[in-house]
Every structure is written in C-alpha cells, then in structure tokens.
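A.B. asks: Below are the sequence and a predicted model; questions follow.
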Amino acid sequence: MCKLGFAKNIILTIGLVCIFSCNEKAGIQDKNLKENSFKINTNSNIALDSVVFVKETIYESNNDVLLEGIIGGADVDNEGKVFISAVAPGISAIYVFSSEGKYLKKMGRFGRGPGEFESISSLSISGEKLFVLDSRQQRISIFSTHNLSLIGDMTIRKDSTDRTDEFSQTMKAMELYSSKYGDEVLLGTEVKSLYDLNRFTKKRIYSISKDGQLNSEYIVEADRYKFYLPTRADRTGVRWGFTPAFNRQSLITVSNQGIIYVAWTDDFQIEKYNIDGVYKGVIGFSIEKSKLDLESLDISKGRMKIIKDVGYPETWPALHNMIVDDLGKLWVATITESDSTFKWYIIGEDEKLKASFNFSGIRANQEVFAKTDIVIIKNGYFYNREYDYVEGIDRIVKYKINFISEERSKELVE
C-alpha cells in the first residue's frame, strides 16, 4: 500500500487555431522529487510539437432529446459513441449519442430497480462495458456499449476489508477508474462524515471483483482536499464546510496500460504506480505558481472571514486537471496568471514533454468538492464540457486533435 500526499465556451482563434507552445511495494511517500525523476523548467525554450484544434461535434439537448438536469459525467467508447450522465433532484439518467451527435437512447432512470439510479457520481467505459456508479445506493450498473442494454447490477461489498480499520468500514465508493483489464474497473473511495468533514482526509483506490467485493487491501491511498469549516455548528449540529477553488487536492487517473498516476495539486510532481500499487517513479517539472489574490475572488463575507481565520495559501495550486489518453499520453492542466486560461502540457509514455497549449477555463469557477470539469481524450479527439448556467448552456464539445511539427507551427504563426 502507498500513501501520497470551466470552462465556458472554448475560444479558438481562427488562423492560429490554438497553436500549442502548444519495484517494491511503495511505503509512505513524501512530496519531494525522487532520485529517478527528472525536472525541467516549463518556461524554457524547448522544441515542442504544436496542435490545431478543430471543433467537430456538440452533444447537448436538441429537438430529439432533453438532457434533464446538470451534466455530471461523460465517457466515450471505441466507436466514438458519447455517454453523458445528467442529474437533478429526483432525476438520474444516461444519454447516448452517436459519434456524429445523433441522439440514440436514454439508459436508466431515477429509482432503486435494476438499471436505475438514485444518484450518478461516476461513469467509466472499460472494453465494451459502461460502468455507472450510484454512490447513494453503493451499487454499480453495467451496460453494454454495443447494444446499449443492461447487463446487470452489482452491489459493492466490503466483507474482505479490514474490520479494525475505521476508514474501510465507513468509506463509500465515489469514483470509477477504467482498468487495463477489458471488463473491470477500479473504485475510488472516501469517507464523508457530516458531523466531522475533515475527520478523514484521504481517498483510496481499490480493485473490485465481478461479484462486487472490494479487495482486502487498497492499491493506493492519497490525500483528499480539506474543508474550510466555521467555528460553530448550526442548529442541527453540523458545521457546513466549503472547498474554494484554491484548495489543494489529489488528482488520480489510470491508463489503459494499467499505470496509476497520482498528483498533489500543490506541485507538478506526478507519482506512478502499477495496477498492484507498486511504486514506479515520479515525473517532476519546475513551474512557477500564480499568486493568490484573495480579495479579487467572488467570496461571501461569511466565507471570507472563515478563510482568513483558518488561513490560506499565498499561491494558487500548480495543477488543475490531469487526464491520460487512450494511447498512454498524460495531459496536465496547470493554473496560470490568467483568470480564464489553463496551460496544458502533454507528456509521452517516455516521460518526455511533447507539447503545451493554452485552453480557456475559469480557475475560480468551482469548488474543489463539486468537480465540474469533464475532459476526455480518446480516438484522436478532445472532449470538453462547456457550461454557462446563466445562458442555459451545458454540453460536451468534441475537437479533432491535429499534431503538427514545431517548424510548421512557426510558419502558421508567421
């Protein structure tokens, strides 16, 4: 076992069109670079490939279907079909679109019966199966991505976990990760105690058997975000917390090759583990973090007082998001001086920096707890959630990714 530590509408400039500057089981790990890591300055003049983004398809409510609720998750199968979860009080369903954007089917509905959901906290495609996690019922529904039918439901069981460990006995499954095995997933678990939100500030990754049984030992344990809490509870005895966008957290993503990447957002250091939890090294970069101007943020007086009383960091986190694509390349979004732009870096399987690019996104637009960002990189496409609740926009947009050489990118700029 190991211990670790929005985008609104995408802005594409026509002509420039988004040119990228563009072995033993791990024990307790610290946040320092390991001996076998490398460190480079992301601001240095390194020759990088560039990429042109071309918008192709939008997946949203249309004349054929209304996505009821807010988009909470999405994934894409090998044929390019897009599966979108939408949730609202009393509403939960999966909406399926063809690669070209044609609405195909609604799968599931609110309820407790077979293939029904009280909530959808995560969905993930592995092989030709769609796994949907209902965190309230602690149940996984499995659908065929081929004929879009329900295969079955699987209740999550913890019989094999350590009964003397309070975390494992009170934890709930909150997230799904694809496994390298074609019809299996990994589970991300957390403990959220309403009366003590910061009692357990860890998250764990477990493998799960086909009958829903969690493995007796977790694969990876990582730091979870912490809540800012008022000093006094309300009349119900609860201290309602919040997690501002500058909160630090652990990012976790799993490749098709069975590599688990874990990063604490305070630094650009990404630790690697295999599917058995064996530590495989770290990828490290030098990056200058953006200064945090607390007074410029849209925060209520009550919350501002709590933040100042508890204390806050001098900078934004280094990292915002981390995704591994279907070819094993790692895409990492970093927080910049801009309020409306993230800078992404692409890292190859050889752990070398391949490209970087700027992509629009509001760094202060979400609480860490909410997880409103959705990015999928698969089949040569970049899928991104775009939303603006005031304008009534909530959709998944697909962009074609075209890599070009550094020389060619200079020609386009000139």
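C.D. replies: Cool, the structure landed.
A.B. asks: Mind giving me the packing neighbours of the lengthiest helix in the chain?
C.D. replies: Ranked by number of residues, the top helix in the chain under DSSP state H is helix 301-310. For helix 301-310, not one helix or strand is in contact under the criterion 3 or more CB pairs under 8 Å, 6 or more residues apart in numbering; DSSP states H and E. For glycine as for every other residue, the C-beta is placed from the backbone atoms N, C-alpha and C.
A.B. asks: what about it, average pLDDT?
C.D. replies: Helix 301-310 carries an average pLDDT of 95.
A.B. asks: Alpha carbons of that helix, as CSV, please.
C.D. replies: This file holds the C-alpha atoms of helix 301-310, laid out as CSV (Å, rounded to 0.1, in the frame of the first residue of the first chain):
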residue,chain,number,x,y,z
LYS,A,301,-18.3,37.9,3.7
GLY,A,302,-19.0,34.9,5.9
ARG,A,303,-16.8,32.6,3.9
MET,A,304,-14.1,35.2,3.6
LYS,A,305,-13.9,35.5,7.4
ILE,A,306,-13.6,31.7,7.8
ILE,A,307,-10.8,31.6,5.2
LYS,A,308,-8.9,34.4,6.9
ASP,A,309,-9.4,32.8,10.3
VAL,A,310,-8.3,29.4,9.2
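A.B. asks: contact partners of it?
C.D. replies: 228-231, 242, 244, 294, 299 (CB atoms under 8 Å, 6 or more residues apart in numbering).
A.B. asks: same check, this time on stretch 154-170
C.D. replies: Applying CB under 8 Å, 6+ apart, the contact partners of stretch 154-170 are 137-142, 171, 173, 187, 191, 193, 200, 202, 204, 208, 210-216, 218.
A.B. asks: which among these end up buried?
C.D. replies: 137, 139-142, 171, 173, 187, 191, 200, 202, 204, 208, 212-214, 218 (16 or more other CB atoms under 10 Å).
A.B. asks: Would you indicate which residues of stretch 117-132 are buried?
C.D. replies: Judged by neighbour count (16+ other CB under 10 Å), stretch 117-132 contains these buried residues: 117, 120-126, 128-132.
A.B. asks: from those residues, which two are the most distant?
C.D. replies: 121 and 128 (22.4 Å; CB to CB).
A.B. asks: Just the ones in strands from the buried ones among the contacts of stretch 154-170, please.
C.D. replies: Within the buried ones among the contacts of stretch 154-170, residues falling in strands by DSSP state E are 139-142, 173, 187, 202, 204.
A.B. asks: re the thing from before, most neighbours among the contacts of helix 301-310, which one is it?
C.D. replies: residue 244 (22 neighbours; other CB atoms under 10 Å).
A.B. asks: so it sits right up against residue 368, yeah?
C.D. replies: Yes: at 7.4 Å, residue 244 and residue 368 qualify as touching, with contact defined as CB atoms under 8 Å.
A.B. asks: circling back: from the ones in strands among the buried ones among the contacts of stretch 154-170, which is closest to residue 340?
C.D. replies: Of those, the one sitting nearest to residue 340 (CB to CB) turns out to be residue 202, at 32.8 Å.
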